[in-house]
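**Student:** Give me a 3D structure for the following:
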Amino acid sequence: MRTSQLGQHLTVNAIGLGCMGMSEFYGDAEEAENLKVLDRALELGSSFWDTADIYGPFTNEELLSKALKGRRERITLATKFGIVRVPGQERSVDGRPEYVKACCEASLKRLGVDHIDLYYQHRVDPNTPIEETVGAMADLVQAGKVRFLGLSEADPATIERAHAVHPITALQTEYSLWSREVEVEILPLLRRLGIGFVAYSPLGRGFLTGAIGSRDDLQPGDWRLSNPRFSEAAMVANRALVADVQKVAEEKQVTKGQIALAWVLAQGDDIAAIPGTKRQAYLQENVAAGEVRLTTADIARLNAISTTKIVGSRY
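**Tutor:** Numbering: from 1, shown residues only. The predicted structure follows:
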């Protein structure tokens, strides 16, 4: 398994596993099959697992606790705090120090572990200075409850301010052939500061695999049905990108999804990807993408393909 270097001290497998869809957002899921996927991920060397307290909410961490038993030391475990979900209320964000520490204690209990390897602030709280939030996170490191700190979807100024309080090991943000916004300011800043990058939705929420031809391919309740990029008009327009990726995949004799993942990893050894899946076959396909090597010409071609205007905003 290829590895990626996040920050100065955390090495992870380059293709990890995003576990969110095992609990909600992407249609039905079965716990027994999810546990088999987690077992198989470990067998294949995909031991960088990503979860969050709001996935479920809470049930995703509880699911992982069952897979972690007896092999905690073999897994690099990442989870997140900060998004508040209360039934009947709009979601909010909370970065207050007392909330940070309470969330960590709750996650440790649900996961059944004594420490978290990479602890992210899921979204930045505009009402709490980032210095206070990261200060509380740093206290968790000092207490041995967390090893490394991360942010998710943070802007450049926030990243710099956070990093000045305590070293930030990784930033997690969406990145793929159809979501390249981070290349403008974020990635150059991270490299200047020595912070790694974790790409979520590297398969374009499944669209880049070609498996989603129309909205009819999505189950009722799938959140993508409300996402601008999955409107019927947007999907029709964005199929041109998938068709071009297909041509490269055919030449390489691999799948479209593997090309999409290989492209992300080709952007640097300081980048890891966490594609999500609930199926062993897709897991194996994703992990095998780590063996796909793109030439300079391949990368240039894909870069040109993906600069075509993408229809629909990310959220």
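**Student:** Distance of G56 relative to L38?
**Tutor:** According to CB to CB, to the nearest Å, G56 stands 15 Å off from L38. The C-beta positions use only the backbone N, C-alpha and C, and glycine is treated the same way.
**Student:** quick one, which of these two is more surrounded?
**Tutor:** L38 (22 against 19; other CB atoms under 10 Å).
**Student:** in which helix or strand would I find A237?
**Tutor:** In the assignment (DSSP states H and E), A237 maps to helix 232-252.
**Student:** now for that helix, which elements pack on it?
**Tutor:** helix 256-265, helix 296-306 (3 or more CB pairs under 8 Å, 6 or more residues apart in numbering; DSSP states H and E).
**Student:** From R301, how far off is A249?
**Tutor:** Remark: distance between A249 and R301 (CB to CB) = 12 Å.
**Student:** which of the two has more neighbours?
**Tutor:** Neighbours were counted for A249 and for R301 using other CB under 10 Å; A249 has more, 20 against 16.
**Student:** Which residues are in contact with the residue nearest the centre of the chain?
**Tutor:** Nearest to the geometric centre of the chain sits Y200, at 2.8 Å (CA atoms, centre = their mean). Counting by CB atoms under 8 Å, 6 or more residues apart in numbering, Y200 touches G18, D50, Q172, T173, E174, Y175, I274.
**Student:** again, but for R279
**Tutor:** R279 touches E33, V37, counting by CB under 8 Å, 6+ apart.
**Student:** I'd assumed L118 was in a strand, is it?
**Tutor:** Yes. Checked against DSSP: H, G, I helix; E, B strand; the rest coil, L118 lies within a strand.
**Student:** what's the neighbour count on it?
**Tutor:** Neighbours around L118, by other CB under 10 Å: 25.
**Student:** So what's the predicted local confidence for it?
**Tutor:** Confidence at L118, expressed as pLDDT, is 99.
**Student:** Just say helix, strand or coil for the residue lying closest to it once chain neighbours are set aside.
**Tutor:** Distances taken as CB to CB, 6 or more residues apart in numbering place A78 nearest to L118, at 4.0 Å, with adjacent residues excluded. Here A78 is strand, with the state taken from three-state DSSP.
**Student:** Need the pLDDT of A78.
**Tutor:** Reported pLDDT for A78: 98.
**Student:** who does it bridge with?
**Tutor:** D50, L118 (DSSP bridges).
**Student:** how much space between it and Y315?
**Tutor:** A78 is 21 Å from Y315, by CB to CB.
**Student:** And G56, by the same measure?
**Tutor:** Counting by CB to CB, the gap from G56 to Y315 is 20 Å.
**Student:** who's in contact with stretch 248-268?
**Tutor:** Contacts for stretch 248-268 (CB under 8 Å, 6+ apart): 2, 4, 14-15, 175-177, 187, 191, 197, 199, 202-204, 208-210, 242, 245-246, 271, 273, 275, 282, 285-286, 288-290, 292-294, 298-299, 301-302, 305.
**Student:** Tell me the buried residues within the residues you listed.
**Tutor:** Neighbour counting over the contacts of stretch 248-268 (16 or more other CB atoms under 10 Å) leaves 4, 14-15, 175-177, 187, 197, 199, 202-204, 208-210, 242, 245-246, 271, 273, 275, 282, 285-286, 288-290, 292, 294, 298, 301-302, 305 as the buried ones.
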